[in-house]
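Student: Need the 3D shape of this:
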Amino acid sequence: MMRKRRTKVLVLVISIFILAAVSSSCHGSRGMPEFVAPESFDESQNYEITFWAKNDTNKNQTKIYEKAIEDFEKLYPNISVKVRFYTDYGKIYNDVITNIATATTPNVCITYPDHIATYMTGQNVVVPLDELINNEKYGLGGSELKFDGPNETEVVKKFLDECRINGIQYALPYMRSTEICYVNRDMVEKLGYELPEDVITWDFIFEVSEKAMAKDTDDNFLLNGQKVLIPFIYKSTDNMMIQMLRQKNAGYATENGEIEIFNDTTRELLMEISKHGKTKSFSTFKISSYPGNFLNAGQCIFAVDSSAGATWMGSHAPMQDIHETKIVEFDLVTYPVPQFDPANPTMISQGPSVCIFNKRDPGEVMASWLFMQFLLTNDVQIAYAKTEGYVPVTTKAQEDSAYLEYLDNAGIDNKEHYQTKIEATKILIDNTENTFVTPVFNGSTSLRDASGQMIENVTKSVRRGETVDEAYMDKLFQDVSTLYRLDQLGEQSKSESEDLGPLPNTAKALLIGLAIAWVLIAAYWIVDKTKKKAYGLPLGKKKRFLAFL
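Tutor: The predicted structure follows:
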């Protein structure tokens, strides 16, 4: 009996603790505590912050980062910045995901909003920036900053808005680019066509590409006299599908993360692409290799790649991946990404942004925020933009006399002022209002990958002689949805949108009330049982014990 009573008491005590834990922690903070900005930055405290950046073997970019760090550390001797270079954004993304679990994320990171949406599955991992941006002392253009950074109105609004997730600013733009269609004019005109003045269409490209496939009796292509010719190569097939759908006003995904890509327009586009994949007039980077190499060797007419890749395009490009003996001389022309409606051009906005990660010391986060802002100063923005076909993200830098002089000197050399690079840059500047970004949510990276995978799959399938029809499309949609778990994203987005947050006050009161009730029940039970036990004591001890109770 005594053992049973002890068990009951233990059960009650455990229940009380469980209820108390539920009432205090349900819907409460997990992981890092929420960041609260200190009123001032303590410059007597030393901080070491880590910065993860991408560098595509471009030594000029490495030097710009190193100089930026050196200049920043002179202004803030108490902050030491350690940079770690990556050659691929995907590797940064994977390493951040791995390090979230061990609370060893970097302080500052070059990234994309799609990636940030996944980082945010850990609560309070990424620092929201709205409060910091508006801080009078240390915000954008703040009075206590030791450098001449941009204020909020001097960051291009369209670029700044691209870094908002669910209405909250989680990053600052760092550089921006778009996609460019690099064209061998000589080949187009040799085939009897004349290039349009401003915008090139998908229909035009596909038509010219098909005509270029004619061969002689020795199996050489008539156009270039070589055994190899791939008229149209697209580097980023995810961007290809995304832009095609946007230009057609077709579904891709909603802001809430509902997947819409598996629609009739997607089917039609894939069927059209498959026709040109079958003749091999169209190919992709994953299937054939880098489009710039084929373009520069006279083996490609239309090469679509980022404006940031402009330094690799053309006979006299400062960056080359093929032997100089394979390079052919040709007239290179740049266009925005191909369009369905030339009167309403639509193109994707891309390029790296910067986020900061939460730490237990608010001062460390403030140190990260200061360095993050320093990357938006004119010297850093202009110097980095000159390395490739990037556009500075601030009007402060875009309107700076040094930058305007750089643009005006297009073509005076084939290095810093390489003509094609500056032409690609101007295309984005002139079309900033025509750019768009895809919805950002946890899983949007997977959807992006899936969109390109469908183009890769149909192109490979027709090359293997497979039949691409409606049945094929049904299976493709199902396979890609399963592979990238897109069938789970809708339910996941729904559950995320319904949650979570703090419990309502009524629910909190109910839980607290239940806990108190259990405490009172347990106390009554214990006292009652103890009194009953007391009646078995000698009279003197019983009186003293009951009086004590």
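Student: Look at the residue lying closest to Gly149 once chain neighbours are set aside and tell me its secondary structure.
Tutor: Excluding the flanking residues, the one nearest Gly149 by Cβ to Cβ, 6 or more residues apart in numbering is Gln373, at 4.9 Å. Using the backbone N, CA and C atoms, a C-beta is placed for each residue, glycine as well. Following DSSP: H, G, I helix; E, B strand; the rest coil, Gln373 is assigned to helix.
Student: Now do the contacts for Gln373.
Tutor: Gln373 sits next to Leu140, Leu145, Phe147, Gly149, Leu172 when contact means Cβ atoms under 8 Å, 6 or more residues apart in numbering.
Student: Low-confidence ranges, the protein, go.
Tutor: For the chain, the stretches with pLDDT under 70 are 1-31, 56, 490-549.
Student: about what we covered before: right, and out of the contacts of Gln373, which lies closest to Asn239?
Tutor: Set against Asn239, the nearest of the contacts of Gln373 by Cβ to Cβ is Leu172 (22.6 Å).
Student: How many residues are close by the closest one?
Tutor: Applying other Cβ atoms under 10 Å, we find 25 other residues in the vicinity of Leu172.
Student: send the alpha carbons of stretch 351-370 over as CSV?
Tutor: Output in CSV follows, covering the C-alpha atoms of stretch 351-370 (Å, rounded to 0.1, in the frame of the first residue of the first chain):
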residue,chain,number,x,y,z
GLY,A,351,22.7,38.2,-57.5
PRO,A,352,24.0,37.8,-54.0
SER,A,353,22.6,39.4,-50.8
VAL,A,354,24.0,39.5,-47.3
CYS,A,355,22.5,38.3,-44.0
ILE,A,356,23.7,38.2,-40.5
PHE,A,357,23.2,35.3,-38.0
ASN,A,358,22.1,35.6,-34.4
LYS,A,359,24.5,35.1,-31.5
ARG,A,360,24.2,35.1,-27.8
ASP,A,361,26.2,38.3,-27.4
PRO,A,362,24.2,41.3,-28.9
GLY,A,363,27.4,43.2,-29.3
GLU,A,364,28.7,40.5,-31.7
VAL,A,365,25.6,40.9,-33.8
MET,A,366,26.1,44.7,-33.8
ALA,A,367,29.7,44.2,-35.0
SER,A,368,28.3,42.0,-37.8
TRP,A,369,25.7,44.6,-38.7
LEU,A,370,28.4,47.3,-39.0
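Student: Pull out the buried positions in it.
Tutor: Judged by neighbour count using 16 or more other Cβ atoms under 10 Å, the buried positions of stretch 351-370 are 351-359, 362-370.
Student: quick one: which of those sit in strands?
Tutor: Within the buried residues of stretch 351-370, residues falling in strands by DSSP state E are Ser353, Val354, Cys355, Ile356.
Student: wait, the last one sits on Val127?
Tutor: What that stands for is Ile356. Yes - with contact defined as Cβ atoms under 8 Å, Ile356 counts as touching Val127 (5.0 Å).
Student: Common neighbours of the two, please.
Tutor: Counting by Cβ under 8 Å, 6+ apart, the contacts common to Ile356 and Val127 are Val365, Ser368, Trp369.
Student: and which of those is nearest to Asn99?
Tutor: Of all these, the one with the least separation from Asn99 (Cβ to Cβ) is Ser368, at 15.1 Å.
Student: got a list of what the closest one touches?
Tutor: Counting by Cβ under 8 Å, 6+ apart, Ser368 has contacts Ile49, Asn107, Val108, Val127, Ile356, Phe357, Lys359.
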